[in-house]
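Q: my questions concern the predicted model and sequence given below.
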Amino acid sequence: MADEDRNLVEILEEHTEIDIAKYINYVSAPEAGAIATFSGTTRDTFDGKAVLELRYEAYVPMAIRCMKSICSSARSSWNLVSIAVAHRLGPVPVGKTSVFIAVSSVHRVDSLDACKFIIDEIKASVPIWKKEVYTNGEVWKENSEFLERRLDLGKKEGICNERDFEAQRHIRKSCCGAKVKVVEEGDSVISKHEAHQDL
């Protein structure tokens, strides 16, 4: 089976919960001595504000392509058996999972390192946007990984493909360019999705 055939990448429609067992079962294999997972869940507070839910939007075709490219990059850096990645769209209430990653490998170090790499790259470069909804308002948020990537690379745009990711050397390039721009003016917050070209 080709490596790309052992990757499962899904973006789930609104109000579809992530079936964690499905993705763990997908990566399970007789040769896999380790399965590492990451489950990103909505927490109830942020900076002292009570959070009601998170809401996610995505440019789905590019997001899928970027996540597949991230999986390929992980495979080029670590000896992996299978990878499963799922991300929800729409509202995700407190305590529910918005993103889930499962990675299997012969030895634990490969799956642990690859799992961390995959979630960091998703947060830094995949065109999935997050709005935090509080009891007293809401705001589009940029992930800290995305902000760090912008600082490291300036505003240079990239495209999703294997050569854009050199995980082995820890050189991280932007997969999809700017995700969301948040401008605060006084008490109001203006949110603007930046344009992406169909590649």
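A: Nice, I can see it.

Q: report the residue spans of the protein with pLDDT below the cut-off.
A: 1-4, 143-199 (pLDDT under 70).

Q: what are the ranges of the strands in it?
A: 7-12, 34-41, 45-46, 49-58, 80-88, 90-93, 97-105, 128-134, 137-141, 165-166, 171-172, 180-185, 188-193 (DSSP state E).

Q: now render those strands as CSV, adding mean neighbour count.
A: Where you see a C-beta, it was placed from the backbone N, CA and C, and this is true even at glycine. Converted to CSV, the strands of the chain look like this (neighbours: other C-beta atoms under 10 Å):
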stretch, mean neighbour count
strand 7-12, 18
strand 34-41, 17
strand 45-46, 12
strand 49-58, 17
strand 80-88, 25
strand 90-93, 18
strand 97-105, 25
strand 128-134, 19
strand 137-141, 15
strand 165-166, 20
strand 171-172, 16
strand 180-185, 11
strand 188-193, 12
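
Q: out of those strands, nearest to residue 68?
A: strand 7-12 (5.4 Å; C-beta to C-beta).

Q: what angle separates the closest one from strand 97-105?
A: 180 degrees (axes from the mean of the first three to the mean of the last three C-alpha atoms, to 10 degrees).

Q: what pairs with strand 7-12, parallel or antiparallel?
A: Using DSSP bridges, strand 7-12 pairs in its sheet with strand 80-88 (parallel).

Q: out of the strands of the chain, flag the one nearest residue 20.
A: For the strands of the chain, the distance to residue 20 is smallest for strand 97-105, at 5.9 Å, taking C-beta to C-beta.

Q: sounds good, over and out.
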